[in-house]
Structure formats: C-alpha cells, structure tokens
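> Take this sequence and fold it.
(chains A and B)
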Amino acid sequence: MSVYSIARQEWAESIFKVSTEYAIYAPVEKFKTVDYELVTAENVSEIAYNGQLPVLPLKAFFFPVKENVGQEPVADKRIIIGVRNCDLMALKLLDAVFLDEEFLDIHYQSRRENTILIGNDCYAIKETCHCTVYGLEPYPQENMDITISPVGEVLYLSVATPKGATLLTKLNMTGLREESELPESVQRKRAVIREKLKNQHKELPGLEETKAGLLKTDASFWQEYAQKCVSCGACAMICPTCHCFLLIDRQNFEKVKNWDTCQYPSFEKVAAGEDPLRRLSKRLKNRYECKYIHKPEMFNALACTGCGRCIDACIGKIDKNQIIIAACKKD
Amino acid sequence: MPGKNIYKPILFKLDEIETESPLIKTFFLHPEADFHFKTGQFVEVTIDGIGEAPYTPSSSATVSDRMEITIMKAGYVTSKMHELHPGATLGIRGPFGRGYPLEKFYGKDVIILGGGVGIAPLRCLILTMLAESEKYRKIHVCLGAKSPGDFIYKSWYPQLRAMEKINLLRAVDKADQEWDETVGVVTVLLDKLDLDFSESVAIVCGPPVMMKFGTYKLLEKGVREENIYLSMEKNMSCGLGKCGHCALGDYYVCKDGPVFTYDQIKDYPDIWI
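This next block holds a predicted model:
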C-alpha cells in the first residue's frame, strides 16, 4: 500500500474540482449529528474527517431504500469520503449476497463498480461503538480504495487499489508527497483508539461465545426483552448489513426493491396464513440468530460489525449488547 | 455491458384455464422465450402491476414449450390469478431452487405422499419420472383430499392406475356414496404399502399438518431421514437468495430448497408452520 501526504486545504480544493465528473459525498456535521452530504462549494471545507460515525449506513449507497430494478441500471460515478471500517466490513456480506455469481444483481454491481470509497481512521468513537469485539480495527481494513488518516492539517492517504491510485493521479495535487509509511503518530492513535474501544466493552462476548449464548436462550428470555420492542424496524434500517427487501410490482412488469425487515409483522407470513414470526418475541430472537448464528455461517462474513447504530436508533431503548451479555451469562 | 437482469420476468401467454375445484384452477401457459426447468424447481409468476407469487409447475419438466400451474385461491395475488381469462400475459422469473435429485431415486421404490393442492408439484414429479420410468423400481403414489370432489386432476387418475409402474392409493377424510377407496387421513395409506421402507425414498408435499404427520409416519415405517424429501412452504419474494423472507436457519428456502431432506432441517424450530 503506497502512502502519501497532502495538506488538508489542497486536498479539499482538488477533490472539489472533480465534482463535475463525480458526485462526491462526505460526512458533514449538522445539528450535532454527522451524516453524508453531497459535497458542494459551501460545505467542502466542513468535511468531518475526525467526526462521529455517519448516521446513514454505507449500504444505502449501493442498496437504496427504494429502487426500480425493472429498468437497466444507471449508476452515476461517485466518490464517498469518510467511510468507516464497520461499514466497509459490512460490504463483505452485502457483496456475498448481491454479487453472488449464480444470481448477480446488476443494479448493485453497477453502483459498486462506479463508486470510489475513501475510508477514514476512526478518531471520534461513540459509547456504542464495539467493532473490536468482532475482531475489527478502528481503521479501514477491506473494501476501501484510499484511506485518509488525518494528523493536524496534514492528511495521510494510503492507496489500497488501482481505482484509488487512478483517482490520485487525476487529482494532480502539486503538494502530494510520497511517504515511506504512515507516521508513528497515526499508529499510536490507532492503538489508543483500539484500547479505548476494548475498554468500553470489556464484558461483551465475541462472536463464538455470542452464538453459544444465543443457542441456549428460551422463549421467556425473548418475551422479556420483546416487551420494550415496538416492531419499528429502526434497528434493521440503520444496520450496515441488513439486506432484506420486498419486491413491489409496478406496471410493465417492473419491480421495485424496497427495504424490508424481519422485525415487521407478516414478514414471513404465507398465503395460507401461517406465520412462523407472528409473535414479536420470535421476530426479535430471529434478528439475533440471523446476525450471530446463521449469516456468518451462510456467507462467511460478519453480519454485525459492531457499529452500535441499532442501539442508538432503538426507541424502546433496547441495548442489543445487554441482551447478548444476558444470553451468555453463566447459570 | 451489464449482464442479465435477475428481476426482469420473461413473458408467458395464458392459453387456457381449467377449474379443478371451487378454490383451485390450473393455468395452461406457453413461454414467449426459451424456458426450461427441473422438477421440484419453482417459478415466480407476476400479474402485471398487481403482484408476484411463487408456484411449482404441475406439468412435466421434460416439456418446454408449454407449462401448467395449478393455483389455490388463498391470498391477494392468487385471488387475482383466479380472475384472469385466456389471452392474458403473465411474467415469469425463474426457475428457482434445486429441484428433486432424481438420480438418487434410481432403482428404488419411490413413495409420493401428497395432499390437497400439494398434489400439483407432485404431478410434475410423477410425469417427469414417467418419462424415464424404467429407472425406478416402483412409484407408489399416496394421495389425500378432504372429499372425492376435492381431488385435483380428476381425469388423470384412471390413466395413472393403468400404468404398471404406478401403485396409486387415495384417501379422503369424508367419502361420498360412490367412493370405494380408503377413508381416513392420507398417512394410513402408508400401512397398505408392502415394501422395504429402509431402502425407499419418500417425497412429501401438502399442507403443513400433513407434512408433519406424514414425515413422522414415514420415519416410524423405517424410511431414513436423508431419504425423506420435503417441499417447504415459505414466503418467497425474490427467489434469488437475497430478500430474506424465506430464511430457514442456515438456508434460504428459495435458493437452497424448496425441497429439503428431513435430516437437513429437522433441528430447526417451527419447521411445520
């Protein structure tokens, strides 16, 4: 991986120059929350490289809330800046589902191929961030084209793919300097963040222990937690790996792929009326079994990357980590 | 250049409709593009602008220029299907799923246990097997219905009965005056079979309660778990192993099934609902 350094100011100016060719999205802070915004002349200097995790999971860029898949795919060329490792690692599961060779989803493929992903070291972490529990690092590991590690007014760019290298050439930045490696200060910062993450979730079991714990839960366990669940589905909508959808029919045999979730009533209901997930407690249980037992087995990928968004989003204040801790508690 | 759009149906013309029972109709279709399927696979049928639902064809998989689908009126889309007239254009995506591994049935006694509209996919299996009937020892067709009038494909049974390869047994819950076959649940027909169950394969398709007790009875008779093939009914939306609606443990029923052996799924809770 080649490493370069560039002044923050020149990077902002150069990246903005290619906004005629690419739609550029980056995390921008507004009303104390950070989310992806289309980069414009007005907000280009406000890109939150060191800010909080964007509210929107990255999946929405490749698997939109609503998408007409009856027509041929038309994907704009895009650059997404400030992407976090939890979201990048979630793409592993989404790629396995949508880029499956037997049934390749050309709409997803086209969006993936036409997007350049610029990852970001996580310097600001939330209380609910817990990626290290599942073996992830607080900086981009896979699926990024370039990683940005900011040190003061200097940005260190680690180029991971030919796509990233091509973009860098295109930006033609005069102040770009090749570095032998990432500076010691970035390495130290990464170690500090990793430790901080580990310390804030000391009691939380890893994937294998979570699986074992969930397998021994009984119906009453889920009935108790389900009392606070209102089936709003926010946990699934905000999850970077949840990929369930419903095909809705339109005229001319067109289909609209619309986000859906097992947390909604009737998700598994069949025409004759049977519904294995009729009870809310079963739907809640299904979510955990899907994430920690079945999906990792089916796709050899994590279905929870520890972003903590589901905990932040739950209006019933259900803390999925507390459920896992309770499930794994020794009798 | 993008590849094939997996969400785009190919068009079929509806040629004819036959009423099988008050709630069941068979739709005779022909494709407007090349279309092939294997027995046990299913298709997603779209009524333009209305909706899409999964069905297993009931005609032979060896025939590719036409296809029959038997549909029970149960929900919104199936009710709309029942309102269609010949000449209508339907969209079909698929075929999906793995189908029956026929080569594993070669040389064996094959028990086919079906009930209600579950007989439809089994008709496809039987017709496909009959196209190479010499490969099977004997095909024991055990079918059940609520009453004699509820049997679908009424004109088909005399033909089946005349075939040397076929052993046809039927049961009804409630007989009428003309019924001279078995009265009782379909599983009682298994007691009438004289064969080595431990070396036989069984295929079950029907309402959940029939699948459950049919499987238990087959196990009791000595059929091995890995030789019992079950057609699992699930809410299949995409058919492609992506939308998540038909998840069953580590499987997506649409892609990994819809036919599973009992030993593949027996440890999952709620498989019979």
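
> what about the closest residue to A:Trp11 other than its chain neighbours, how many neighbours?
Closest residue in space to A:Trp11, ignoring its immediate chain neighbours: A:Leu155 at 5.4 Å, by C-beta to C-beta, 6 or more residues apart in numbering or on different chains. Quick note: C-beta positions are derived from backbone N, CA and C, even for glycine. Residues lying near A:Leu155 (other C-beta atoms under 10 Å in any protein chain shown) number 20.

> State whether A:Leu155 is indeed within a helix.
No: with DSSP: H, G, I helix; E, B strand; the rest coil as the criterion, A:Leu155 is strand rather than part of a helix.

> Now the terminal residues of stretch B:236-247, how far apart.
9 Å (C-alpha to C-alpha, to the nearest Å).

> picking that back up, does the residue nearest to A:Trp11 really touch A:Ile47, like I thought?
No: counting by C-beta atoms under 8 Å, A:Ile47 is not a contact partner of A:Leu155; they are 10.3 Å apart.

> what about the helices in the stretch 201-331 of chain A?
A:207-215, A:219-226, A:234-237, A:280-289, A:295-299, A:309-313, A:320-328 (DSSP state H, counting those that start in this stretch).

> Once you drop chain neighbours, what's closest to residue 37?
Going with chain A. A:Val28 (4.3 Å).

> The chain in question should be chain B.
B:Pro95 is the one closest to B:Phe37 (C-beta to C-beta, 6+ apart), at 3.6 Å.

> residues in contact with B:Ile228?
B:201-202, B:204, B:215, B:218-219, B:261-262 (C-beta atoms under 8 Å, 6 or more residues apart in numbering or on different chains).

> Now do the nearest residue to it once chain neighbours are set aside: how many residues are near it, please.
Take B:Ile228 and drop its neighbours on the chain: the residue closest to it by C-beta to C-beta, 6+ apart is B:Tyr262, 4.1 Å away. Per other C-beta under 10 Å, the neighbour tally for B:Tyr262 reads 22.

> so B:Tyr262 makes contact with B:Thr215?
Yes: with contact defined as C-beta under 8 Å, B:Tyr262 reaches B:Thr215; the gap is 5.8 Å.

> what's near enough to touch residue 75?
Picking chain A for this. Contacts of A:Ala75 by C-beta under 8 Å, 6+ apart are A:107, A:110-111, A:113-115.

> look at chain B instead
A:271-272, B:53.

> hmm, 10 Å instead?
A:269-273, B:51, B:53, B:235 (C-beta atoms under 10 Å, 6 or more residues apart in numbering or on different chains).

> again, but for B:Ser237
A:244-248, A:255, A:257, A:260, A:267, B:44, B:52-54, B:243-246, B:254.

> Which residues of the stretch 151-273 of chain B lie near chain A?
B:207-208, B:233-252, B:254-256, B:268-273 (C-beta under 10 Å from any C-beta of the partner chain).

> What subset of the residues you listed is buried?
B:207-208, B:233-249, B:251-252, B:254-256, B:271-273 (16 or more other C-beta atoms under 10 Å in any protein chain shown).

> The residues you listed in helices, which ones?
Residues of these located in helices (DSSP state H): B:208, B:254-256.

> With distance to B:Asp15 and pLDDT added, can I get the residues you listed in a markdown table?
Below are those laid out as a markdown table (distance: C-beta to C-beta, whole Å; pLDDT from 0 to 100):
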| residue | distance to B:Asp15 | pLDDT |
| --- | --- | --- |
| B:Pro208 | 33 | 89 |
| B:Cys254 | 27 | 97 |
| B:Lys255 | 30 | 96 |
| B:Asp256 | 33 | 96 |
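
> For those residues, work out which two are farthest apart.
Pairwise distances across those (C-beta to C-beta) peak at 21.3 Å, for the pair B:Pro208 and B:Lys255.

> which SS state does residue 178 fall under?
Because you didn't say which chain, this covers chain A. Per three-state DSSP, A:Glu178 ends up strand.

> Run through chain B and note the low-pLDDT ranges.
Along chain B, segments meeting pLDDT under 70 span B:1-2.

> these two touch, right, B:Arg123 and B:Ser60?
Yes: taking C-beta atoms under 10 Å as the definition, B:Arg123 is a contact partner of B:Ser60 at 8.7 Å.

> Around the residue in the stretch 101-250 of chain A that chain B sits nearest to, how many other residues sit close by?
Closest contact between the stretch 101-250 of chain A and chain B, by C-beta to the nearest C-beta, is at A:Cys244 (3.4 Å). A:Cys244 sits with 22 neighbouring residues when counted by other C-beta under 10 Å.

> B:Phe96 too?
So B:Phe96, with other C-beta under 10 Å, has 24 neighbours.

> Check B:Gly51 too.
17.

> for chain B, longest strand please?
Secondary structure assigned by DSSP state E gives strand B:10-21 as the longest strand of chain B.

> which other helices and strands contact it?
Packing contacts for strand B:10-21, counted by 3 or more C-beta pairs under 10 Å, 6 or more residues apart in numbering or on different chains; DSSP states H and E, involve strand B:24-31, strand B:42-47, strand B:67-72, helix B:76-82, strand B:89-96.
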